[in-house]
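Peer 1: Quick one, structure for this:
(one chain, ligands or ions: 2)
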Amino acid sequence: MTITLALSKGRIFEETLPLLAAAGIAVTEDPEKTRKLILPTNRDDVRVVLVRATDVPTYVQYGGADLGVAGRDVLIEHGGEGLFQPLDLQIATCRMSVAVRDDFDYDGAVRQGSRIRVATKYTEIARQHFADKGVHVDLIKLYGSMELAPLTGLADAIVDLVSTGKTLAANRLREVEPFMQISSRLVVNQAALKLKSAKLRELIDAFARAVAAQASTT
Ligand code: PRT
Ligand code: MG
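Peer 2: Ligands and ions are numbered 1, 2, ... in the order given. The predicted structure follows:
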């Protein structure tokens with residue numbers, strides 16, 4: 001019985017590697033050097049599939065993978081249906097924030113109850129956030145380069161992930177409202193959890209021990 005783990009290239013793959021290592025699993029090919037989308041590991045019964053970060057929940061939901069690693073942002077936007085979420089891996093951490101152009105008076109606009117035009121890839125998270133605040137917004141869905149929206153007049157504000165803040169600074173944007181801490185979680189297919197229970201439980205437990213060990217050293 002093979003276990004299939006869905007990961008996205010980049011920070012999630014990189015930061016999941018040490019957790020896999022702690023579980024005795026080594027990915028034997030480098031995703032940055034191969035065009036393969038299915039990567040073998042040192043274990044015959046474990047393989048990794050590479051998918052877009054936003055596709056990880058979908059793969060796991062429909063059983064294309066037994067488990068995967070996805071950001072809280074991606075999971076909220078997906079909705080999480082059919083997914084068991086046993087563990088916060090505390091990797092790929094960042095925050096979800098509202099940012100505006102240097103010269104835009106965000107607090108003033110909120111105080112006056114103005115309608116604010118907000119561009120974002122994260123429409124569900126943004127909708128919930130502004131509804132909780134009681135702020136009226138017109139949401140504009142984008143698929144990338146959100147930073148450009150306030151600079152071109154497309155929107156007054158953006159909702160985006162911030163980690164170092166360098167991207168905002170380079171585009172003369174100001175972070176006015178960090179509102180959600182983001183990290184990546186382990187997600188597991190509900191049916192697989194029953195059918196491949198022993199192997200999946202063993203993997204989840206090894207990940208949990210590795211996360212606890214990392215937390216105690218930082
Ligand atoms: O990049 P691609 O379009 O292929 O896919 P993706 O952006 O969905 O994947 P990836 O690998 O970039 O992100 C995967 C997950 O990493 C996200 O779902 C988040 O949970 C998490 N994560 C952690 C981040 C960041 N930190 C982050 N800084 N995801 C994106 N960013 C981007 C952010 O959107 C902004 O453009 O980096 C920029 C800001 O970074 P700073 O350091 O300049 O503030
Ligand atoms: Mg990215």
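
Peer 1: which regions of the protein lie under the pLDDT threshold?
Peer 2: Of all residues in the chain, none has pLDDT under 70.

Peer 1: hey, where'd the strands end up in it?
Peer 2: With strands called from DSSP state E, the chain shows them at 3-7, 38-40, 46-50, 67-71, 83-88, 94-101, 116-120, 137-141, 157-162, 173-182, 184-189.

Peer 1: all helices for the chain, in order.
Peer 2: Taking DSSP state H, the helices of the chain run over residues 11-22, 56-61, 72-78, 106-111, 123-133, 148-152, 166-170, 190-195, 197-217.

Peer 1: would you turn those into TSV with distance to ligand 1 and mean neighbour count?
Peer 2: Using the backbone N, CA and C atoms, a C-beta is placed for each residue, glycine as well. TSV is the format used below for the helices of the chain (distance: least, CB to the nearest ligand atom, whole Å; neighbours: other CB atoms under 10 Å):
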stretch	distance to ligand 1	mean neighbour count
helix 11-22	5	18
helix 56-61	9	24
helix 72-78	5	20
helix 106-111	18	13
helix 123-133	11	16
helix 148-152	11	17
helix 166-170	3	12
helix 190-195	22	14
helix 197-217	16	14
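
Peer 1: Throw those into CSV and include distance to Val100, thanks.
Peer 2: Listed next are the helices of the chain as CSV, based on distance: least, CB to CB, whole Å:
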stretch, distance to Val100
helix 11-22, 26
helix 56-61, 30
helix 72-78, 20
helix 106-111, 5
helix 123-133, 14
helix 148-152, 6
helix 166-170, 10
helix 190-195, 41
helix 197-217, 34
